[in-house]
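Participant: quick one: sequence plus predicted model below, questions after.
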Amino acid sequence: MTLLMGCLLAAGVVLTASPWLFPASVPRRSRRAQHGNRLRAVLAAAGLSAVPIPVFLTLCVLIGILLAALSYAVTGVFTLGLCAAVLGCVLPFVLVRWRARAKRIAHRALWPDVVDHLIGSVRSGLALPDAVAGLAHTGPEGLREEFVRFERDYRSTGSFSGSLDRLKDQLADPVPDRIIETLRMAREVGGADLTTVLRSLSTYLRSDNAIRSEVEARQSWIKSAAKLGVAAPWLILLLLSTRPEASVAYNSPGGAVLIAIGAGVSVIAYRMMLALGRLPQEKRWFT
């Protein structure tokens, strides 16, 4: 009986810890598809949805090779060339994410105006497809291009739901996701309180935008300090590496280890500083 109770206890412990000890394995194709969908969403959020993923990855590799060759030609340090290659491969991803974030911030102040235009169109008696298509001409200037595509797509297909899905993929933003799903629900099941819901959503978006803008302005110094703290040591290292004796020292095994440790510390410190200054972003629940 003691042995049986011990086995049952051990089995219970193993079963309790099994989600962490034996996580569900995802097939390679599924993981590759997830990474591809994630990269495609980032490109769409940055306004680069027309760029194929293989072309973007090839560009990353070419930039990495170019920066590695340039760094090695200037400094003559092989380890710095490897660091430059990694930086060149990562740099396009960073720029695309920065562009997507800048575009999201710029559009964040425009979505309440979009909702107000929709409220006015619905109250004037326009059908929902015509109200959304009308944003291509009466909506905010920064968003008219996306709604011009929606208008062309809807006129050619006649499918309001399908055109909304494609519009949502182009915008790749949680705020228009909620607006689009609200319009879809009102279209499919009807909604006498659509204007009330949209008005409440507009009020919430304006207050959220004001709070986020104030907090981001106060925390901008954290990101500036992180960028300066990461860039300054590497600029000094590049200047030192132009001297022949420093180049010989950094080409030694000890110098390579020192540069590798410095790169790791820089990455960890930079990520920690960004984590301290980053506000939580809404997730796209309606993808």
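Facilitator: Looks like it came in fine.
Participant: in whichever strand or helix holds residue 264, what's buried?
Facilitator: Assigned by DSSP states H and E, residue 264 belongs to helix 253-277. Residues 255-256, 259, 263, 266, 270, 273, 277 are the ones in helix 253-277 that count as buried (16 or more other CB atoms under 10 Å). All C-beta atoms are positioned from the backbone trio N, CA, C, and that covers glycine.
Participant: ranges for the helices of the stretch 101-250 of the chain?
Facilitator: According to DSSP state H, counting those that start in this stretch, the stretch 101-250 of the chain carries its helices in the segments 111-123, 128-133, 135-138, 144-157, 160-171, 174-189, 194-241, 244-250.
Participant: below-threshold pLDDT in the stretch 101-250 of the chain: ranges please.
Facilitator: Within the stretch 101-250 of the chain, the set of residues satisfying pLDDT under 70 comprises 189-192.
Participant: helices and strands around the helix or strand where residue 9 lies, which ones?
Facilitator: Assigned by DSSP H and E, residue 9 falls within helix 2-21. Using 3 or more CB pairs under 8 Å, 6 or more residues apart in numbering; DSSP states H and E as the contact test, no helix or strand touches helix 2-21.
Participant: pLDDT on that helix, on average?
Facilitator: Mean pLDDT, helix 2-21: 75.
Participant: send me it as CSV with only the CA atoms.
Facilitator: What follows is helix 2-21, C-alpha atoms only, in CSV (Å, rounded to 0.1, in the frame of the first residue of the first chain):
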residue,chain,number,x,y,z
THR,A,2,2.9,2.4,0.8
LEU,A,3,4.5,1.7,-2.6
LEU,A,4,1.1,2.2,-4.4
MET,A,5,0.5,5.5,-2.6
GLY,A,6,4.1,6.7,-3.5
CYS,A,7,3.5,5.8,-7.2
LEU,A,8,0.2,7.6,-7.2
LEU,A,9,1.8,10.7,-5.6
ALA,A,10,4.7,10.6,-8.1
ALA,A,11,2.2,10.2,-11.0
GLY,A,12,0.2,13.2,-9.7
VAL,A,13,3.3,15.4,-9.5
VAL,A,14,4.4,14.4,-13.0
LEU,A,15,1.0,15.1,-14.4
THR,A,16,0.8,18.5,-12.7
ALA,A,17,4.2,19.5,-14.0
SER,A,18,3.7,17.9,-17.5
PRO,A,19,2.6,21.2,-19.2
TRP,A,20,6.0,22.7,-18.4
LEU,A,21,8.1,19.5,-18.6
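Participant: my guess is residue 109 contacts residue 210. True?
Facilitator: No - contact criterion CB atoms under 8 Å: residue 109 and residue 210 do not qualify, at 9.4 Å.
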